[in-house]
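1. no sequence for this one, just the structure:
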């Protein structure tokens, strides 16, 4: 009878641990999905900022864009 009680207690502990891990995985999945969406928005905004800055630089005094300039050590 003691072996059966020990087995039952171990099974309950394992089921609790599985439930906890399942909840954690679901929460992490939600976080990952939210971060992916946020990264897409930030990537799009960065592209727009780079385009705007490039346009601004090309309009000013016909100078070379910073992105097209060689670093000073070249």
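-> Nice, I can see it. Keep in mind the model is a prediction, meaning the values are calculated, not measured. Residues are numbered from 1 along each chain as shown.
2. low-confidence stretches in this protein?
-> Along the chain, the parts satisfying pLDDT under 70 run over 1, 61-68, 74.
3. the spatially most central residue of the chain: which element?
-> Central residue of the chain (Cα atoms, centre = their mean): residue 35, 4.1 Å from the mean position. Taking DSSP states H and E as the criterion, residue 35 maps to helix 2-59.
4. likewise for residue 70?
-> Counting by DSSP H and E, residue 70 is found in no helix or strand.
5. neighbours of it, how many?
-> Neighbour count of residue 70, defined by other Cβ atoms under 10 Å: 7. Every C-beta, even on glycine, is put in place using the N, C-alpha and C of the backbone.
6. and it, what are its phi and psi?
-> The phi and psi values for residue 70, taken as degrees, to the nearest 10, are phi -80, psi 150.
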